[in-house]
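*Asks:* coords please:
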Amino acid sequence: MEVILKQDIANLGSKDDIVNVKKGYGNNYLIPQGFATVATESAKKVLAENKKQQAHKEEKLRNDATEKAKLIENKEIKIGAKTSTTGKIFGSVNTIQIAEALAKKGIEVDRKQISIQDEANIKEIGKYKATIKLYKDIKANIEFEVVAE
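*Replies:* Residues are numbered from 1 along each chain as shown. Alright, predicted model coming up:
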């Protein structure tokens, strides 16, 4: 029995895959649970059209992410932090501050996409690096400087 998976299922396949399963497994588990639908000819055509549209959307997202990565790579940002006389930071520098600094430069990035390398080691004034995941495999590295306010 051929079914179209609606979501990823371990040891079977990924979403939108057409797989052959035993009739009992398909009729008694996959279809009633909403994990799959029967792979009729019309369902296969709809799936092919959806994949075509999805590929077009994914290409656009990938191009946008590449453009944004080029913009980010050249930017230098400074983040102000309260410090002691010895240069130690009170509190911490986090992804929200980096996202706000990028927004001031005209680049909108969600803070959840940013990961700071050695986040636990940001305790003094200096230069540090962060990675911004813009799309599945497109990442941009950015250097930021922590300065005293």
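*Asks:* Show me what the lengthiest strand in the chain is packed up against.
*Replies:* Assignment by DSSP state E gives strand 139-148 as the longest strand of the chain. Where contact means 3 or more Cβ pairs under 8 Å, 6 or more residues apart in numbering; DSSP states H and E, strand 139-148 is packed against helix 41-73, strand 76-81, helix 95-104, strand 126-133. Bear in mind the C-beta positions are built from the backbone N, C-alpha and C, glycine included.
*Asks:* Average pLDDT for that strand, rounded please.
*Replies:* On average, the pLDDT along strand 139-148 is 90.
*Asks:* cool, and stretch 51-59?
*Replies:* Stretch 51-59 shows a mean pLDDT of 92.
*Asks:* residues contacting Lys139?
*Replies:* Listed by Cβ atoms under 8 Å, 6 or more residues apart in numbering, the contact set of Lys139 reads 69, 131-133.
*Asks:* I'm done for today, thanks for sticking with me.
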